[in-house]
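Engineer: coords please:
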Amino acid sequence: MLRYALQTLRARKGGFIGAFLALFCAAALVTACGILLETGLRGEIGTERYAGAPVIVGGDQNVHQVTVKNKGDKTKSKEKEKPLGERVWLPADTAATLGSLPGVKAALPEVTFPAHAVSPKGQVVPGVDGKPSYGHSWTSAALTPFTLSEGAPPAGADEVVVDRELARRAGIKPGTELTVQATGSPRKYRVSGIAAPAGGDLEQQTSLFFSDSEAERLSGRAGQVAVVGVLAKPGVSTGDLARQVEKALAGTTAQVVTGGERGPVEFLDAAKARIKLVSMGGAIGGTSLLVAILVVVGTFALSIQQRYRELALLRAIAATPKQVRQLIGREALIVGALAGVLGSVTGLPIAYWLHGKFVGFKAIPDTLEVTFSVFPFFAAIGAALLGAWAAARISARRTARIRPAEALSEAAMEQRNFAWGRLGAGAAFLAGGVVLLAVLSALRSEPASTPVTFLSVVVLAVAVSLLGPLIARIAVAVLGVPLKASRVGGYLATANARANTKRLSAAVTPLALLIGMACTVFFVQTTMGAAATAQAKAGNKADWVVGSAGPGVPAQAADSLRRVPGVTAVTEVVRTSVRVGLEKYPAQGVSTQGLAHTWDPGVSAGTLDGFGPQSVALSDVAADNLGKKPGDKLKLTLGDGTETELNVAAVYDRGLGFGDLTMSHELVVKHVDNPLASSLLVKTAGQGGPGRAELQKAVGALPGVGVLDRDQVEDLQAEVQQSNAEVNYVAMGLIIAFTAIAVVNTLAMSVSDRTREFALLQLVGTTRRQVMGMLRIESALVVLISAVLGTGIAFAVLTAFSVGMTGSASPSIDPWMYLGVLGFAAVLTALATLVPGRLALAGRPADVIGSRQ
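Structural biologist: Presented below is the predicted three-dimensional model:
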């Protein structure tokens, strides 16, 4: 049987190219997603600042929750943990405790905080390649190690040492005066020296070093340190040193790390990016696998349909159903193995490309290196083999079961009766899609709704695939009337569509999936963005917003603005995230004085009157999830791991625009890595109040700080939302590209197999021009039906998504983007239909008929 399968593949290469391409793309996607998933799980995060310290001690960056379950006489406990959003600091005496250990040469305390140099023109100088810039104490310079290449260490509170890369880029020399914007008001320092790291300039950050007392002041964490780096005495191994440190810190929450585990302690964002990669890799991989199965089944079904006569002859000469299934199954396994191997290899550069794109969008830092083993490749090959075998068995089911006496008549023309099993399965998938839509409309968090959104699209597309012949008959019956206007092309196209509804359905399914998936990917983002922008716009009562091109707006700006005549309220806003239990919520801290004049989150219960340091306001989504109402107590963990209990003062509706939790600026600012405000909301006294020029003059001495009007703020918010959306566009764009390839593949297979049909039409008097006219009308028919189905799928899914996420059944759809999707689908269809059609018409009709006998 294997020999016959190989002979069939050699004889019908064209018929199997479509299946090969579908499986090849599926294997490549599965490999790429598997590598991203493995990178998230095992990817090593390289260290820079701590490269010279073999052992690093940091705070526990996770919040923990223990659940206990009783089963009969047995009690089982399970601990779960989730990462915190800010750095967890250690007691300062940790360094003294570790410094007395017998194997320790030195225990160096490290404090770290945002610190940027300011150019003589008053512009904030970003870190290397636009990355962060941090301040440290000079004592911790040995952790890299940094050594002086020029000048001297900072001896007083007014001196600073800068790294060599910054000095070269900004033209800084020892002895010059340098303004530094750190966690408070900008301050002038004298550059006492230039320091260079031993292994070459750092690539992930810029470093400024202050005296120990000044660094402690700037960090705002008196009596605390970010980490402690431990250096070993000569002859003491890293393992022995780590064991001594762990023993000394037993009973505390401090974490002792060595080797590759130092990176996550240095780069907190890189550690959090692991989780993001796992979720993205799983979402893309799962969706692509479902799409691949749907596409591969459709491709094999079309391939087998084109071989119906051949398979019917095998049944007529006494081949058993089992033998036919074995033949088709082994053909599929050969194609699947070849496509799986080649596709898995191709998936590697795709994974690197995706990683580079995510780094470019700053969704993940480049310190998280691509990591993979053989498992993604084996998984891709296994998926290709399983998908090919399953697709072949499903597609060949009816062919293998028909009786020999009916085989040739079955092959002669398409059967007009309905396959009730197929209709039943289609109805079941349609019902499943409706259930998913109902679930989606009840989900109110983006992480929960995103996978359900794309699963709904795929399930509804499967229903369209199974119900395709019935849909095609209905569509042809409706569209057949206007098509009669074209006497030859329209008549032939209508007749062909009526006689070959399965072929029409095979062409419509991937195109409808393409339109539905593309519209969903694009308009999920616009729906969320429009709702968030509308809520933020409606709730912002300020006349002006003050922002910064640097690390943030210092408190001095708020103080200066409050002294401007005519300014009635200034609200400082600082962003963070908190955990309630293990659930993460975006949060903000707002200064409470005059809050009602600048900010209206749409309070639906409770009041913001008397809002203070022990108060918290919740969005309606968070309140529902937590089961809280005004007057209740809420226990939460702040970003740096500090646990607190607050009074629920109010519940508000505009959570998309303002986050799920709102606390006082006074509380939040003490527990974030960057205490500078992300923005200031400024309210003035009507028409007689100060204008933009007066406000800008009040903050003009502060580097990078500017006054924006409401329109400029909305434009900046749109840019941020677009930047965040680009990650999803790239991620899901691969699936759309795969589906587009499947569309071209299916249509080209369908048309290229009709050379005999075209030849017969020409022999009975139809011209080539009329045949091409028929193909153009057929392609337009495919596009129209697919557009209706794909749009219907997308609109149903987007409406359910909008109901759940925004509370309104009105998704935001960009008309030009939608027309672009339809135009792209139409161009694909035209190319995949007309080019193979023209090639199929290249030969003489008599020669074609003769060669096909």
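Engineer: what packs against the host helix or strand of residue 20?
Structural biologist: Residue 20 is located in helix 13-42, with elements delineated by DSSP states H and E. Packed against helix 13-42, as judged by 3 or more C-beta pairs under 8 Å, 6 or more residues apart in numbering; DSSP states H and E, are the following elements: helix 268-306, helix 321-360, helix 375-401, helix 710-752. C-beta coordinates here come from the backbone N, C-alpha and C atoms, glycine included.
Engineer: okay, the angle between that helix and helix 321-360?
Structural biologist: Orientation check (axes from the mean of the first three to the mean of the last three C-alpha atoms, to 10 degrees): helix 13-42 against helix 321-360 gives 50 degrees.
Engineer: mean confidence for helix 13-42?
Structural biologist: Along helix 13-42, the predicted local confidence has a mean pLDDT of 80.
Engineer: what's the following helix or strand after it?
Structural biologist: strand 55-58.
Engineer: strands paired with that next one, and their directions?
Structural biologist: Counting by DSSP bridges, the strands paired with strand 55-58 are strand 227-232 (antiparallel), strand 255-258 (antiparallel).
Engineer: Keeping just the C-alphas, turn that strand into CSV.
Structural biologist: As requested, C-alpha coordinates have been extracted for strand 55-58 and formatted as CSV (Å, rounded to 0.1, in the frame of the first residue of the first chain):
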residue,chain,number,x,y,z
VAL,A,55,25.5,35.8,44.6
ILE,A,56,22.7,38.3,44.6
VAL,A,57,20.1,38.7,47.4
GLY,A,58,16.8,40.3,46.5
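Engineer: what sits up against it?
Structural biologist: Outside strand 55-58, the residues that touch it by C-beta atoms under 8 Å, 6 or more residues apart in numbering are 50, 88, 90, 94, 98, 226-230, 232, 238, 241-242, 245, 249, 254-258, 262, 265-266.
Engineer: Among these, name the buried ones.
Structural biologist: Among the contacts of strand 55-58, those scoring as buried are 50, 88, 90, 94, 98, 226-230, 232, 241-242, 245, 249, 254-258, 262, 265-266 (criterion: 16 or more other C-beta atoms under 10 Å).
Engineer: related to what we said a few turns ago, mind giving me TSV with the helices and strands packed on helix 13-42 and columns for distance to residue 36, mean pLDDT and mean neighbour count?
Structural biologist: Supplementary listing: these in TSV, determined by distance: least, C-beta to C-beta, whole Å; pLDDT from 0 to 100; neighbours: other C-beta atoms under 10 Å:
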stretch	distance to residue 36	mean pLDDT	mean neighbour count
helix 268-306	4	73	22
helix 321-360	6	83	20
helix 375-401	9	78	21
helix 710-752	9	67	19
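Engineer: Identify whichever of these lies nearest to residue 28.
Structural biologist: Each of those was scored for nearness to residue 28 using C-beta to C-beta, and the closest is helix 321-360 (4.3 Å).
Engineer: got the angle for that closest one vs helix 375-401?
Structural biologist: Using the same axes, to 10 degrees, helix 321-360 lies at 150 degrees relative to helix 375-401.
Engineer: Mind listing what's buried along stretch 678-692?
Structural biologist: Neighbour counts over stretch 678-692 (16+ other C-beta under 10 Å) mark 678-684, 689-690 as buried.
Engineer: Show residues contacting it.
Structural biologist: Identification of contacts with stretch 678-692 by C-beta under 8 Å, 6+ apart yields 540-547, 552-553, 557-558, 561, 564-575, 594, 597-599, 695, 707, 709.
Engineer: and what of stretch 225-238?
Structural biologist: For stretch 225-238, the external contacting residues (C-beta under 8 Å, 6+ apart) are 50, 52-59, 87, 89-92, 94-95, 98, 102-112, 140, 142-143, 219, 241, 245, 258-259, 265.
Engineer: Can you flag which of those belong to helices?
Structural biologist: 94-95, 98, 219, 241, 245, 265 (DSSP state H).
Engineer: Nearest to residue 65 among those residues?
Structural biologist: Here the nearest of the ones in helices among the contacts of stretch 225-238 to residue 65, counting by C-beta to C-beta, is residue 265; it sits at 22.2 Å.
Engineer: The closest one contacts residue 50, correct?
Structural biologist: Yes - proximity of residue 265 to residue 50 meets the contact threshold set by C-beta atoms under 8 Å, at 7.2 Å.
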